[in-house]
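>>> Next input, structure requested:
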Amino acid sequence: MKAVLIREHGGPDVLRWDEIEPPVCTDDQLLVEVKAASINHLDLWVRRGFPGIELPLIMGSDAAGVIAEVGANVEGWSVGDEVMIQPGLYCGECRFCRKGRENLAISRLSQRISERSRLMSLLNRPPHFRWFS
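Just a heads-up that it's a prediction; the model follows:
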């Protein structure tokens, strides 16, 4: 599958549209065929040399697409559903998450930069990480 990768720091010329292994949809995940994705300021900083980030790295933060596969333990989603994926990862269980206010989550998860990546053809994520249809 295709993905936008940074293999070295620098300007836009270091970006590569490369082949990578496609993600696997586990029983507790959704697999999304990405139709549109975007970057933000963090992607620019990483590309320029943000300290502590391991390369290579797949770029991207927000994405929209169509569900291509639904894990066996996932309910409420179907193949073909159109979704927008929020880039943040949260606990999904505290009082703030239950009210849709994940930005205030008590147990906000530390999301590795590599787990934010959206500039790829397919994307797998747990369903509680705020998908919108």
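>>> Now do the helices in this protein.
Along the chain, counting by DSSP state H, helices occupy 41-48, 95-98.
>>> Export these as a markdown table, with columns for mean pLDDT, distance to residue 78 and mean neighbour count.
Every C-beta, even on glycine, is put in place using the N, C-alpha and C of the backbone. Listed next are the helices of the chain as a markdown table, based on pLDDT from 0 to 100; distance: least, CB to CB, whole Å; neighbours: other CB atoms under 10 Å:
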| stretch | mean pLDDT | distance to residue 78 | mean neighbour count |
| --- | --- | --- | --- |
| helix 41-48 | 84 | 31 | 15 |
| helix 95-98 | 84 | 23 | 14 |
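>>> Rebuild those as a markdown table, extending it with distance to residue 84.
Converted to a markdown table, the helices of the chain look like this (distance: least, CB to CB, whole Å):
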| stretch | distance to residue 84 |
| --- | --- |
| helix 41-48 | 18 |
| helix 95-98 | 18 |
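>>> mind checking which of the ones you listed is nearest residue 77?
Among the helices of the chain, the nearest to residue 77 by CB to CB is helix 95-98 (17.7 Å).
>>> rewinding a little: out of the helices of the chain, which gets nearest to residue 70?
For those, the distance to residue 70 is smallest for helix 95-98, at 21.5 Å, taking CB to CB.
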